[in-house]
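Engineer: Make a model of this:
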Amino acid sequence: MFSPPKAALYAIVAICISSLSGAVIAASESSFDCRQLADDTKLASPLDWLERSMMASQCYVFRAQAIRISPGGVRTLALAHEIHDGVIREVTHYLDGPAVIYERYGRLGRNGILMRRSANDSPATALQKIDHHYRLTLGDEERVAGRPSMRLDIEPRDKLRYGHRLWLDLATGLPLKQNLVDVEGQVLETFQMTELIEPTLYSQLVPLEPLPDISSGPWQPSWLPAGYVSIPLPPAAGFSGKTMSHRLYSDGLSSFSLFVQPIENKHEALMPGIHRLGISYAAVRHLRLDDDRILQVVVLGELPPKVLYRIASRMEFHGSAERAQQELAP
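Structural biologist: Predicted coordinates for the structure are as follows:
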């Protein structure tokens, strides 16, 4: 399914690993306080549970054993989630197959989707926007990894995004099990902890830096699925020494990345069309500028492939070739 230079697509995916995970984070403009999770007030609504889960995924230090079931097979993993001076360190060891270790760092409260809200949005408003595009319902309490959990079903209100099923630890709010569900209701991937080890709440107030500006450029999608907006990128989310424009879009739960890069060597270009990489897809399109230079557009994320392709096919170029060169200059 991949064109010969598939290493280029894997390299793009490497940039996205931190960009495509994360969630809306409840925080003030100046600080983020994990200690609020110590409040044992009973959670009443599905949105309450969703917010608690998103915060818990940031605020708890823990180790875990887990399995991931996907079309690529079953993998077992060892996870570590650490926090030092407000910086998260996540380490994933794959315990079978090739010896692979992923390590990621991110500022607490700025990790992943980086608080999907504008200066005029409160965290509660951001969560309500999620409710506009997903139907959230609570199920029964179930036992996962030897711990009592609450099931939270997140069903898209359209066919432009995938759904989620979460089993959230009653004591911490951490997601013990997660299903990614396609538009036909089929489970695409299951991630499940088999053992949650020593979850401890981070107990310091963390200062937050101001949200960075979102840069605009001559390449703009003329169509986006309802609810998706451009959001700030994590620090250093790009290739060192490479000429590439990267933007990130999110609806608060799911996200996709948009890359624009000049094709300098046709043998390194990706084949236009849809490519599959695990449970993610990438839509690739080539655009010709006024001076006959060709740009490669890649839209990558865990969205239905037809949606990714529609975004890529609706890309429009506004400006001159000179402006394009300025934006992609190293």
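Engineer: CA atoms for contacts and neighbours, from now on please.
Structural biologist: Will do.
Engineer: what helix or strand is the nearest residue to S53 once chain neighbours are set aside on?
Structural biologist: Using C-alpha to C-alpha, 6 or more residues apart in numbering and skipping the chain neighbours, the partner closest in space to S53 is G173 (4.7 Å). When secondary structure is defined by DSSP states H and E, G173 falls outside every helix and strand.
Engineer: Would you map the helices across the stretch 1-150 of the chain?
Structural biologist: 6-19, 46-59, 123-133 (DSSP state H, counting those that start in this stretch).
Engineer: Ramachandran coordinates for the residue nearest to S53?
Structural biologist: When read as degrees, to the nearest 10, the backbone of G173 gives phi 90, psi 0.
Engineer: what's near enough to touch it?
Structural biologist: Residues near G173 by C-alpha atoms under 8 Å, 6 or more residues apart in numbering: W49, R52, S53, A56, S57.
Engineer: Export those residues as CSV, with columns for neighbour count and pLDDT.
Structural biologist: Compiled in CSV, the contacts of G173 are given as follows (neighbours: other C-alpha atoms under 10 Å; pLDDT from 0 to 100):
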residue, neighbour count, pLDDT
W49, 22, 94
R52, 21, 90
S53, 23, 91
A56, 23, 90
S57, 18, 90
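Engineer: which pair in those spans the largest distance?
Structural biologist: W49 and S57 (12.2 Å; C-alpha to C-alpha).
Engineer: Nearest residue to V87 in space, please, no chain neighbours.
Structural biologist: R107 (4.6 Å).
Engineer: By mean pLDDT, show me the worst of the helices of the stretch 1-150 of the chain.
Structural biologist: The weakest mean pLDDT among the helices of the stretch 1-150 of the chain belongs to helix 6-19, with a mean of 52.
Engineer: Helices of the stretch 201-330 of the chain, start to end?
Structural biologist: Using DSSP H, counting those that start in this stretch, helices in the stretch 201-330 of the chain cover 305-313, 321-328.
Engineer: Buried ones in the first one, by neighbour count?
Structural biologist: Buried positions in helix 305-313, judged by neighbour count with 16 or more other C-alpha atoms under 10 Å: P305, V307, L308, Y309, R310, I311, A312, S313.
Engineer: isn't the residue nearest to V87 right up against D85?
Structural biologist: No. Contact criterion C-alpha atoms under 8 Å: R107 and D85 do not qualify, at 9.2 Å.
Engineer: who has more neighbours, the two?
Structural biologist: Legend: neighbour count by other C-alpha atoms under 10 Å for R107 and D85, higher for R107 (22 against 11).
Engineer: list the contacts for that one?
Structural biologist: G86, V87, I88.
Engineer: Restricted to strands, list the residues you listed.
Structural biologist: V87, I88 (DSSP state E).
Engineer: Would you give the sheet partners of whichever strand in the chain runs longest, along with the direction of each?
Structural biologist: Taking DSSP E as the criterion, the chain has its longest strand at strand 187-201. Strand pairing for strand 187-201, determined by DSSP bridges: strand 60-70 (antiparallel), strand 175-181 (antiparallel).
Engineer: mind giving me CSV with the ones you listed and columns for mean pLDDT and mean neighbour count?
Structural biologist: Shown next, in CSV, are the strands paired with strand 187-201 (pLDDT from 0 to 100; neighbours: other C-alpha atoms under 10 Å):
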stretch, mean pLDDT, mean neighbour count
strand 60-70, 96, 19
strand 175-181, 97, 22
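Engineer: Could you list which residues are in contact with F259?
Structural biologist: M244, S245, H246, R247, Q296, V297, V298, V299.
Engineer: so which pair among the residues you listed is furthest apart in space?
Structural biologist: Maximum pairwise distance in the contacts of F259, criterion C-alpha to C-alpha, is 14.0 Å, between R247 and Q296.
Engineer: pLDDT below threshold where in this protein?
Structural biologist: For the chain, the stretches with pLDDT under 70 are 1-31, 108-126, 206-217, 234-244, 318-330.
Engineer: As a quick check, tell me the outermost residue of it.
Structural biologist: D291 (35.5 Å; C-alpha atoms, centre = their mean).
Engineer: Let me see the backbone angles for it.
Structural biologist: Backbone torsions for D291, taken as degrees, to the nearest 10, come to phi -90, psi 20.
Engineer: how near is it to S313?
Structural biologist: 21 Å (C-alpha to C-alpha, to the nearest Å).
Engineer: Show me the contact partners of the longest strand of the chain.
Structural biologist: 34-35, 37-38, 59-71, 144-146, 172, 176-182, 279.
Engineer: Check stretch 291-305 too.
Structural biologist: So stretch 291-305 is contacted by 13, 20, 160-162, 182-183, 254-263, 269-270, 274, 279-289, 308-309, 311-312, 321 (C-alpha under 8 Å, 6+ apart).
Engineer: and which of the contacts of G173 is nearest to L233?
Structural biologist: S57 (19.3 Å).
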